[in-house]
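In: I'll drop the sequence and a predicted model, then ask my questions.
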Amino acid sequence: MGRQHWKKIWVGSAGNMVEWFDWFVYASFATYFAGAFFPSGNPTAQLMNTAGIFAVGFFMRPVGGWLLGRVGDRKGRKAALTLTVTLMSVSALLIAVAPTYDVAGYGGAFVLLVARLLQGLSVGGEYAASATYLTEASDPRRRGFASSFQYVSMTVGQLAGLGLLIILQHTLSDTALHDYGWRIPFAVGALGAAVVFYLRRTMLETEVYEEDTSHAAERGTLRALWQHRREAFLVIALTMGGTVAYYTYTTYLTKYLSNSAGLSKETATLVSFTALTVFACLQPLAGALSDRIGRRPLLITFAVGSTVLTVPILTLLKHVNGYWPALGLSLLALVVVTGYTSINACVKAELFPTGVRALGVALPYALANALFGGTAEYIALWFKDAGIESGFSWYVAGCAAVSLVVYVTMRETKDLDLARVASREAPSVTTAS
């Protein structure tokens, strides 16, 4: 892979890292600021309130997917990526300065809600813009490897948030963290987004987009997307199981280990940090493997593993009594999830022609995330509050089983020429031979 390709991947990934740092620190620090915006009482109820606002952010992602996907197809991938990081910087700053319940009543929760809506708008476009950019900017023979850096950067962003949490846990008292320490990561995120804004202004556009000859008036329109509705529905179906599993073992894992397994917050955070570090390292390896053997084998491996292993893994995690058993089970789960995360970006981008690729990835993916990814944590807490926590394990396994059917019946995408993908050539659900 040439130097120019690496530069494009680096700039695209750096912005993605900051975007997801801001997105995930909300979940990572929720146990500390849950009581700041809502009346005191049941800690699980407070977490459900903050998880509800977390889920609301996901419901803005389809709007962001449509709006920023349209920008990406009509104005270029660079324009969309620059706009997403601007929105993220503003939203992070809002959370950093939001007033607490004691100061402004539910006014603070309202500011938190507005910030999450802006974050949802931003991330709704960021995923597709970065997935499209990384896929188009890479060597055609190494698209799986190159696009895997989307989840590397996402995970590094989360690791940065968890790392900052660990540092603050060891430098500030628990009282200080609940009082004001939780604001620090959001201030850091706003500053980081400003830096990435500068980097993205100087980034290079992809050659595939610049050479696209499709009619300008049709680019990024819902009418054009409707012509590829089969592929759009395929994106929703293949995302369903992966996004539920991903958010279960990343954003919800820390809370599950502390709120259900009874581990200390510090131990739960360290488990998540270590597991995610290994997870990030696995992404390029799996992506490179898909360039050799295809995308479908990895997707099928993920779906089978998630369907069969989710219930025993979550059941055992609930009864762990220390760092090492919790880490081992978490790693097992994330190794399985890697079959999806390492290649899902390029698989979706490979389904659509250039003129509607950003919107084609953005809108259906955002819809799937709003329905399944964004609600995963809230559904988990709902099952817990209802006294049937094990029901969530079966829910995750069921979602994976649905996606398994799609993976088994879809065609392979790794050898497609992105510049020549058209409706008649786009992979669709069909009987595997």
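Out: Ah, there it is.
In: got the contact list for stretch 150-163?
Out: Contacts to stretch 150-163, defined as Cβ atoms under 8 Å, 6 or more residues apart in numbering, come from residues 13-14, 16-25, 28-29, 127, 130-131, 134, 185, 250-251, 254, 269, 272-273, 276-277, 279-280, 283-284, 341-342, 345. Using the backbone N, CA and C atoms, a C-beta is placed for each residue, glycine as well.
In: so how do I select the buried members of those in ChimeraX?
Out: Applying 16 or more other Cβ atoms under 10 Å to those, the buried members can be selected in ChimeraX as follows:
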select :13,14,16,17,18,19,20,21,22,23,24,25,28,29,127,130,131,134,185,250,251,254,269,272,273,276,279,280,283,284,341,342,345
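In: what's the distance between Ile95 and Met154?
Out: Per Cβ to Cβ, to the nearest Å, Ile95 is found 19 Å from Met154.
In: tell me the helix or strand right after the worst-scoring helix or strand of the chain on mean pLDDT.
Out: Within the chain, confidence by mean pLDDT, DSSP states H and E is lowest for helix 43-59 among all helices and strands, at a mean of 68. Heading C-terminal from helix 43-59, the first helix or strand you meet, by DSSP states H and E, is helix 61-74.
In: helix or strand right after that next one?
Out: helix 77-97.
In: can you state the direction angle for that next one and helix 61-74?
Out: For helix 77-97 against helix 61-74, the angle by axes from the mean of the first three to the mean of the last three Cα atoms, to 10 degrees is 150 degrees.
In: buried sites along helix 77-97?
Out: For helix 77-97, using 16+ other Cβ under 10 Å, the buried residues are 77-89, 91-96.
In: with stretch 406-420 instead?
Out: Buried residues in stretch 406-420, counted by 16+ other Cβ under 10 Å: Val406, Tyr407, Met410, Arg411, Thr413, Lys414, Leu416, Leu418.
In: closest to Ala194 among the residues you listed?
Out: Leu418 (32.2 Å; Cβ to Cβ).
In: residue contacts, that closest one?
Out: Neighbouring residues of Leu418 by Cβ under 8 Å, 6+ apart: Thr135, Glu136, Pro140, Val208, Ala349, Glu350, Thr354, Arg357.
In: could I get the buried residues of stretch 406-420 as TSV with distance to Arg201?
Out: Below are those laid out as TSV (distance: Cβ to Cβ, whole Å):
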residue	distance to Arg201
Val406	39
Tyr407	39
Met410	38
Arg411	39
Thr413	32
Lys414	33
Leu416	31
Leu418	25
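In: out of these, which are inside helices?
Out: Among the buried residues of stretch 406-420, the ones falling in helices (DSSP state H) are Val406, Tyr407.
In: out of the buried residues of stretch 406-420, which one sits closest to Arg200?
Out: Using Cβ to Cβ, Leu418 comes nearest to Arg200 of the buried residues of stretch 406-420, at 21.7 Å.
In: so who does the nearest residue to Leu118 once chain neighbours are set aside touch?
Out: Leaving aside its sequence neighbours, Leu118 sits nearest to Ser91 (Cβ to Cβ, 6 or more residues apart in numbering; 3.8 Å). Ser91 makes contacts with Asp22, Ala115, Arg116, Leu118, Gln119, Ser122, as judged by Cβ under 8 Å, 6+ apart.
In: mind redoing it with 6 Å?
Out: Neighbouring residues of Ser91 by Cβ atoms under 6 Å, 6 or more residues apart in numbering: Ala115, Leu118, Gln119.
In: just the element for the first one, please.
Out: Just to be clear, that refers to Ala115. For Ala115, the enclosing helix or strand under DSSP H and E is helix 107-137.
In: and stretch 383-392, end to end?
Out: End-to-end distance of stretch 383-392: 6 Å, with Cα to Cα, to the nearest Å as the criterion.
In: what does stretch 214-228 give?
Out: Terminal residues of stretch 214-228 lie 15 Å apart, using Cα to Cα.
In: quick one: mean pLDDT over it.
Out: Throughout stretch 214-228, pLDDT has a mean value of 88.
In: for that stretch, which positions count as buried?
Out: For stretch 214-228, the neighbour count (16+ other Cβ under 10 Å) marks Arg219, Gly220, Thr221, Ala224, Leu225, His228 as buried.
In: okay, the residues you listed in TSV with secondary structure and distance to Ala366 next?
Out: Shown next, in TSV, are those (DSSP: H, G, I helix; E, B strand; the rest coil; distance: Cβ to Cβ, whole Å):
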residue	secondary structure	distance to Ala366
Arg219	coil	19
Gly220	coil	14
Thr221	coil	17
Ala224	helix	17
Leu225	helix	13
His228	coil	16
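In: Arg200: which of those is nearest?
Out: Checking the buried residues of stretch 214-228 against Arg200 with Cβ to Cβ, the nearest one is Gly220 at 19.1 Å.
In: what's the closest one sitting at in phi/psi?
Out: phi 70, psi 20 (degrees, to the nearest 10).
In: list the contacts for it?
Out: Neighbouring residues of Gly220 by Cβ under 6 Å, 6+ apart: Arg70, Asp73, Arg74, Leu359.
In: all helices for the stretch 201-350 of the chain, in order.
Out: In the stretch 201-350 of the chain, the segments counted as helices under DSSP state H, counting those that start in this stretch are 207-210, 222-226, 229-249, 253-259, 265-293, 296-318, 323-341, 344-349.
In: which other residues reach the fourth one?
Out: Spelled out, it's helix 253-259. With Cβ under 6 Å, 6+ apart as the criterion, helix 253-259 contacts Leu263, Lys265, Ala268, Thr269, Ser272, Ala326.
In: give me the average confidence score over that helix.
Out: Averaged across helix 253-259, the pLDDT comes to 89.
In: from the chain's centroid, how far away is it?
Out: 19 Å (Cα atoms, centre = their mean, to the nearest Å).
In: return the set of buried residues in that helix.
Out: Within helix 253-259, the residues that count as buried by 16+ other Cβ under 10 Å are Leu253, Thr254, Lys255, Tyr256, Leu257, Ser258, Asn259.
In: out of the residues you listed, flag the one nearest to Val103.
Out: Among those, Lys255 lies closest to Val103 (Cβ to Cβ), at 25.9 Å.
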